[in-house]
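> My questions are about this predicted structure, shown below with the sequence.
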Amino acid sequence: MGAIKANNYLNEELTVSLIGRAISHPARIKVLHKLHQETSGAKSIDLARWLNFNKSTMKNHLDMLKDAGLLEIEYLPH
């Protein structure tokens, strides 16, 4: 996240800001919608393929959703 000046922001204000930033990109909205449809979750590689993104771009989008508390990520070994 970009630098935030040291003002007296409440945790709630910072949380809303993170959520707003996370949902400000249409690809992240598509990811949330797709995951809402998938009852058993989805692999990041499948999401990347579905959105025609490379793996690193998909990881960045997923990390932003996770940081905003909108997504839980479970890491599984191959």
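Structure's in. What do you need? Residues are numbered from 1 along each chain as shown.

> going forward, measure contacts and count neighbours with C-alpha atoms only.
OK.

> Tell me the confidence at the spatially most central residue of the chain?
Nearest to the centroid of the C-alpha atoms of the chain, with distances taken as C-alpha atoms, centre = their mean, sits Leu65, at 1.9 Å. Listed pLDDT for Leu65 reads 97.

> Number the chain from 18, please
Let's use 18 as the start, then, which means that last one is Leu82.

> Can you tell me the SS state at it?
Classification of Leu82 using DSSP: H, G, I helix; E, B strand; the rest coil returns helix.

> List the residues that contact it.
With contact taken as C-alpha atoms under 8 Å, 6 or more residues apart in numbering, Leu82 is in contact with Ile36, Ala39, Ile40, Arg45, Leu88.

> For Leu64, see how far away it is.
Noted for Leu82: a distance of 14 Å to Leu64, by C-alpha to C-alpha, to the nearest Å.

> ditto for Asn24
Distance from Asn24 to Leu64, counting by C-alpha to C-alpha: 37 Å.

> With Val48 instead?
Relative to Leu64, Val48 is positioned 7 Å away (C-alpha to C-alpha).

> which residues touch the closest residue in space to Ile62 that isn't next to it in sequence?
With C-alpha to C-alpha, 6 or more residues apart in numbering as the measure, Lys72 is the residue that lies nearest to Ile62, at 6.5 Å, once sequence neighbours are left out. When contacts are counted by C-alpha under 8 Å, 6+ apart, Lys72 is found next to Ser61, Ile62, Ala65.

> what does His50 give?
With C-alpha under 8 Å, 6+ apart, His50 has no contacts at all.
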